[in-house]
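1. here's a sequence, model it:
(chains A and B)
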2 protein chains.
Amino acid sequence: MKITMAHGSGGQETAALIEQVFASRFQNPVLAKMEDAAVVPGAHRLALTTDSFVVTPLFFPGGDIGRLSVCGTVNDLLMSGATPKYLTCGFILEEGAELSELERIAASMADTAREAGVSVVAGDTKVVEGKGGVYINTAGVGFLPADRELGADHCREGDVLLLSGTLGDHHAAILSARMGIENEIRSDCAPLCEGVAALFEAGVQVKAMRDVTRGGLATVLNEWAQQSGHGIRLEEEAVPVSKEVEAFCGILGLDPLTMGNEGKFVVAVAKQDEDRALAALKAARYCAHASVIGRVEGPGEAGVWMNTRLGGTRRVPALYGEGLPRIC
Amino acid sequence: MKITMAHGSGGQETAALIEQVFASRFQNPVLAKMEDAAVVPGAHRLALTTDSFVVTPLFFPGGDIGRLSVCGTVNDLLMSGATPKYLTCGFILEEGAELSELERIAASMADTAREAGVSVVAGDTKVVEGKGGVYINTAGVGFLPADRELGADHCREGDVLLLSGTLGDHHAAILSARMGIENEIRSDCAPLCEGVAALFEAGVQVKAMRDVTRGGLATVLNEWAQQSGHGIRLEEEAVPVSKEVEAFCGILGLDPLTMGNEGKFVVAVAKQDEDRALAALKAARYCAHASVIGRVEGPGEAGVWMNTRLGGTRRVPALYGEGLPRIC
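-> Residues are numbered from 1 along each chain as shown, chains lettered A, B, ... in the order given. Below is the predicted model:
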């Protein structure tokens, strides 16, 4: 069955769609009340975030738009140091979208929310003209401990940068799916709860964290350099990239440093915590290939440099221009 | 200037767009940090909601998609009894959208947020192929007092139903704009903070509140009848409709009871508070035409009936079918 404009009317057909596709899968006592706003327990400090997901194709090796829409928002909350608690989700459906695909997407969102320990407590569905596309917005609320303050402005000379795993997998998987290339590359799309929790449980002094999504590591680290007023130096040979992605990038002329990821984060920690942080990450789910990739240098010129495999040094600029649109 | 796919890349062009259009207008200390999640003070009980806005045209008499996107979410929070505090906002832009229109929309959102006393603390922008359309999702967080519990299941026989003003204005304004009909009808699109606050300040025992949006009053009251297990009886002559909207409906065969509104709410109060509630509402902004429109009847058959102007009685069903798509 295909979605029609009537599914977006706000009347009985909208209610039937919501019941069949969403309510049955996201069940929890708050959502079951079906009020226009969900009432939930709060906390003294909150983290709030929002992200819209417009990826094509909707299903790809390693994930789908539903899993992505939960991971993206959960990871943004985690990066602030918060424990993710609640999600809201807004669907914009183009007329002609397949009901069976919507059901798969909703099931995937529900599975991923369960894995990440969050509840979907409010939702909305609209229908627009178009060609069967599906867009999902998720907003998230997390609880923050009283004394936790993270941010690139906490970075100091000598701090160590760790990356939680290989770069480029999501980007290469989406591109392969679009170009009809068959390979072993799968999106890394995952909720990073375990890796982040492992750092705090190990007592690591975390300065800043960021998930490395659209724009890639190069864009994140240039923002950090600007915000902190410090230089950042990477070691090319320490940046993990899988053999498959490296080969893929070689053929297409892509740079893993500007490619998007959906289950990777970079973290700055105090120098004395380097070994503890690396061990904690490596033992956590989705972080087995964690690596120390560089350091924060002295204040002054706020940019990113890389010591290359060949023994040279090059400046690493932020992504400019199109990258790969609709990757997330 | 028109929006291109490059504005959605996540790189420098996305950052420039966000700075030019959004950051300058939504300025507040939280948003200025430009982290992936905003950190804000919390509360013991929260109300959460989300809504996406896909209205065409983007600008219409009485409002625009920006004002609508703030009012819709603020009003959903208010209806739970919460004080709206924070908004997140996600833009999905179709390639070809006009930058100058985006700026007007952002300015309108900022003005409306100021009026409603909420801060926009997190945002996201994506670009998709298409014909220049603009879709906006807002999610909202409100704070709820410890002892406030509203819901249709609190309604009892004899409770009084009040409507905050005339029906059908938003729906008729959108339809007029689409059909190129010139008239005096303007959307009622407004944040309902004052009307709601007036009820609580007057000490009214509020049982349930709902803003009367897509699907209209008929759909809201049928949901209330179902949730409460009580009948609901309306007095047709007490339901306020402006002369202009009444004439418009007469020509096009529309029923104000199923038409969408964006600045009206229905409230159920205890019988003894009827006069106090009406006086409080009438003195509040956007509620001058408030009226007592009906009563909750005994438990039993859960439906909505109306005593008509001509002295008869008819059943009032929920909206079925298309209504007017993309009205909000």
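2. what pairs with the biggest strand by length in chain A, parallel or antiparallel?
-> Longest strand in chain A, counting residues (DSSP state E): strand A:38-53. Note on strand A:38-53: by DSSP bridges, its sheet partners are strand A:134-143 (antiparallel), strand B:38-53 (antiparallel).
3. ok now do the residue found closest to A:Met79 once you drop the neighbours it is linked to in the chain, which residues does it touch?
-> Nearest residue to A:Met79 in three dimensions, chain neighbours excluded: A:Met209, at 4.5 Å (CB to CB, 6 or more residues apart in numbering or on different chains). (Glycine included, C-beta is placed from N, CA and C.) Contact partners of A:Met209, counting by CB atoms under 8 Å, 6 or more residues apart in numbering or on different chains, are A:Leu78, A:Met79, A:Ser80, A:Gly81, A:Leu150, A:Val196, A:Phe265, A:Val266, A:Val267, A:Ala268.
4. of the residues you listed, which is the nearest to chain B?
-> A:Ser80 (4.0 Å; CB to the nearest CB).
5. quick one: the closest one and B:Asp36 touch, right?
-> Yes - assessed by CB atoms under 8 Å, A:Ser80 is found in contact with B:Asp36 at 7.2 Å.
6. joint contacts of those two?
-> Common neighbours of A:Ser80 and B:Asp36 (CB under 8 Å, 6+ apart) are A:Thr49.
7. on that earlier part again, distance from the longest strand of chain A to the middle of the chain?
-> Chain-centre distance of strand A:38-53: 17 Å, with CA atoms, centre = their mean, to the nearest Å.
8. adding pLDDT, write the contacts of A:Met209 out as a markdown table.
-> Output for the contacts of A:Met209, formatted as a markdown table (pLDDT from 0 to 100):
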| residue | pLDDT |
| --- | --- |
| A:Leu78 | 98 |
| A:Met79 | 97 |
| A:Ser80 | 96 |
| A:Gly81 | 97 |
| A:Leu150 | 95 |
| A:Val196 | 98 |
| A:Phe265 | 98 |
| A:Val266 | 98 |
| A:Val267 | 98 |
| A:Ala268 | 98 |
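9. let's see the ChimeraX selection covering just the buried ones among those.
-> Applying 16 or more other CB atoms under 10 Å in any protein chain shown to those, the buried members can be selected in ChimeraX as follows:
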select /A:78,79,80,81,150,196,265,266,267,268
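10. in helices, which of the contacts of A:Met209 appear?
-> Among those, DSSP state H puts A:Leu78, A:Met79, A:Val196 in helices.
11. domain assignment for chain A?
-> Chain A resolves into domains spanning A:5-143, A:152-315 when parsed by automatic domain parsing.
12. what does the stretch 201-328 of chain A put close to chain B?
-> A:210-211, A:213-215, A:219, A:258, A:260, A:318-326 (CB under 8 Å from any CB of the partner chain).
13. what do you get if the cut-off is 10 Å, keeping everything else the same?
-> Taking CB under 10 Å from any CB of the partner chain as the contact definition, the stretch 201-328 of chain A meets chain B at A:208-211, A:213-216, A:218-220, A:222-223, A:227, A:258, A:260, A:317-328.
14. could you dump the lowest-mean-pLDDT helix or strand in chain A to CSV, C-alpha only?
-> Across the helices and strands of chain A, mean pLDDT, DSSP states H and E gives its lowest value to helix A:29-32, namely a mean of 79. Only the C-alpha atoms of helix A:29-32 are listed here, as CSV (Å, rounded to 0.1, in the frame of the first residue of the first chain):
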residue,chain,number,x,y,z
PRO,A,29,3.4,4.2,28.8
VAL,A,30,4.0,7.8,27.9
LEU,A,31,3.4,7.4,24.1
ALA,A,32,0.3,5.3,24.8
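15. close to chain B, is that helix?
-> Yes - against chain B, helix A:29-32 shows contacts by CB under 10 Å from any CB at A:Val30.
16. and the closest residue in space to A:Thr219 that isn't next to it in sequence, what is it in contact with?
-> Leaving out its chain neighbours, the residue that sits closest to A:Thr219 by CB to CB, 6+ apart is A:Ala318, at 4.4 Å. Applying CB atoms under 10 Å, 6 or more residues apart in numbering or on different chains, we find A:Ala318 in contact with A:215-216, A:218-223, A:225-226, A:258, A:303-304, B:10-12, B:15.
17. apply 7 Å and report the result again.
-> A:Gly215, A:Ala218, A:Thr219, A:Asn222, B:Gly11, B:Gln12 (CB atoms under 7 Å, 6 or more residues apart in numbering or on different chains).
18. parallel or antiparallel, list what pairs with the helix or strand containing A:Ile92.
-> Assigned by DSSP states H and E, A:Ile92 belongs to strand A:83-94. According to DSSP bridges, strand A:83-94 has the following sheet partners: strand A:119-128 (parallel), strand A:134-143 (antiparallel).
19. tell me the spacing between the residue nearest the centre of chain A and A:Asn261.
-> Centroid-nearest residue in chain A: A:Gly72, 3.5 Å away (criterion: CA atoms, centre = their mean). Distance from A:Gly72 to A:Asn261, counting by CB to CB, to the nearest Å: 11 Å.
20. do the same with A:His171
-> 7 Å.
21. then A:Lys33?
-> From A:Lys33 to A:Asn261 the distance is 37 Å (CB to CB).
22. show me where the stretch 101-250 of chain A has helices.
-> Assigned by DSSP state H, counting those that start in this stretch, the stretch 101-250 of chain A shows helices spanning A:169-179, A:193-201, A:216-228, A:243-252.
23. who's in contact with the last one?
-> Taking contacts as CB under 7 Å, 6+ apart, the residues outside helix A:243-252 that touch it are A:Thr166, A:Gly168, A:Asp169, A:Ala172, A:Asn183, A:Glu184, A:Ile185, A:Asp255, A:Pro256.
24. who wins on neighbours among those?
-> A:Ala172 (32 neighbours; other CB atoms under 10 Å in any protein chain shown).
25. show me the contacts for it.
-> Counted by CB under 7 Å, 6+ apart, A:Ala172 has contacts A:Ile185, A:Val245, A:Phe248, A:Met259.
26. and for A:Gly8, the neighbour number?
-> 27.
27. any idea how far the closest residue to chain B within the stretch 201-328 of chain A lies from B:Val121?
-> Residue nearest to chain B within the stretch 201-328 of chain A: A:Arg214 (2.7 Å; CB to the nearest CB). Distance of A:Arg214 to B:Val121, given as CB to CB: 21 Å.
28. same check, this time on A:Val128
-> 27 Å.
29. again, but for A:Met259
-> In terms of CB to CB, A:Met259 sits 29 Å off from B:Val121.
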